[in-house]
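Asker: Got a predicted structure plus its sequence, pasted below:
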Amino acid sequence: MTIAILSALPQEQAGIANLLTDSSITDHASRRYTHGKLHGHAVVLALSGIGKVAAASTAATLIERFGVRAIVFTGVAGGLGEGVQVGDVVVASSYAQHDMDASPIFPRYEAPGYGRARFDCDAVWSAQLAWAVQRCVEGDAAAWTAELGLPAPRMHEGLIVSGDRFVSSAAEVHVLQGSLRAAGLEALAVEMEGAAVAQVCADHAVPFAAMRSISDRADDSAHMDFPRFISTLSSRYAQRIMGSLLQSLPVA
């Protein structure tokens, strides 16, 4: 079984790519796909691109052209939920699009043709990913966050929302949270790709799991040095957690 590891940023994949054996590269449809073996598993690494269309295109190519049978996403996000702080990691249990609005024909946030707003992540893969995340945050991760003056990180599990808009002000967060809650959607984090990948995977019956490290609170308090956050935390999280995840899976 071939497993795809999607990332939003190249820095998150560099450490993983360096661990691959028998690696090769395929360029296709404006994306680069790196194939190889990691802990006995066939894997394909790819960057999703920014935004839902780019991410959906990449996910569909991974499934249709490269025959992957599971997709795992690692990236960054803005924290929305209470207690979700910079340096924490959120494992998605489900996804929704916060900018989907085909009302009044369909209820706000509902994906037309699906009868729902939420797209659930695969329970088995998500549980295994959560185990790998918890192992990381209980291990070296506290030393990593301390380098940035942050407290020890925690893992959270729940809904993540995606949209083609960078949410970065307290006023926008307040409106977004209120609107989502009115629809029964209590989101822990916000980003720009995951919901599209979740929908593509649902169409193809391919298991999907995702984790996001929290780089800011998606509001006016976002003062973290982003490049430093990526190099100090997000890239380390990606390499350590993806390695633990693949090591824990049986080799077919």
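Answerer: Here it is on my side, so go on.
Asker: And the strands in this protein?
Answerer: Taking DSSP state E as the criterion, the chain carries its strands at 2-7, 21-28, 31-38, 41-47, 70-79, 89-97, 119-120, 155-162, 187-191, 208-216.
Asker: looking at those, which is closest to E64?
Answerer: Closest to E64 of those is strand 21-28 (C-beta to C-beta; 10.7 Å). (C-beta placed from N, C-alpha, C; glycine too.)
Asker: Any buried residues in the closest one, and which?
Answerer: Within strand 21-28, no residue is scored as buried using 16 or more other C-beta atoms under 10 Å.
Asker: and it, C-alpha only, in PDB?
Answerer: Output in PDB follows, covering the C-alpha atoms of strand 21-28 (Å, rounded to 0.1, in the frame of the first residue of the first chain):
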ATOM      1  CA  THR A  21      15.400   5.200   0.700                       C
ATOM      2  CA  ASP A  22      15.200   4.200  -3.000                       C
ATOM      3  CA  SER A  23      13.800   7.700  -3.700                       C
ATOM      4  CA  SER A  24      12.900   9.100  -7.100                       C
ATOM      5  CA  ILE A  25      11.100  12.200  -8.300                       C
ATOM      6  CA  THR A  26       8.200  12.600 -10.700                       C
ATOM      7  CA  ASP A  27       7.000  16.100 -11.900                       C
ATOM      8  CA  HIS A  28       3.400  16.200 -13.000                       C
END
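Asker: now V251: how far from G40?
Answerer: Distance of V251 to G40, computed by C-beta to C-beta, to the nearest Å: 4 Å.
Asker: one step back: with distance to S126 and mean pLDDT as new columns, can the strands of the chain be given to me in CSV?
Answerer: Compiled in CSV, those are given as follows (distance: least, C-beta to C-beta, whole Å; pLDDT from 0 to 100):
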stretch, distance to S126, mean pLDDT
strand 2-7, 14, 97
strand 21-28, 27, 96
strand 31-38, 20, 96
strand 41-47, 18, 97
strand 70-79, 10, 96
strand 89-97, 6, 98
strand 119-120, 9, 98
strand 155-162, 8, 98
strand 187-191, 13, 96
strand 208-216, 5, 96
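Asker: Format those as CSV; extra columns: distance to E138.
Answerer: Below are the strands of the chain laid out as CSV (distance: least, C-beta to C-beta, whole Å):
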stretch, distance to E138
strand 2-7, 22
strand 21-28, 29
strand 31-38, 23
strand 41-47, 24
strand 70-79, 18
strand 89-97, 12
strand 119-120, 26
strand 155-162, 9
strand 187-191, 20
strand 208-216, 15
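Asker: Out of these, flag the one nearest L129.
Answerer: Among the strands of the chain, the nearest to L129 by C-beta to C-beta is strand 208-216 (4.6 Å).
Asker: which strands and helices sit next to the closest one?
Answerer: Judged by 3 or more C-beta pairs under 8 Å, 6 or more residues apart in numbering; DSSP states H and E, strand 208-216 is in contact with strand 70-79, strand 89-97, helix 123-137, strand 187-191, helix 194-204, helix 235-248.
Asker: Would you mind listing the buried residues in the longest one?
Answerer: When you say that, I think you mean helix 123-137. For helix 123-137, the buried set under the neighbour-count rule, 16+ other C-beta under 10 Å, comprises W125, S126, Q128, L129, A130, W131, A132, V133, Q134, R135, C136, V137.
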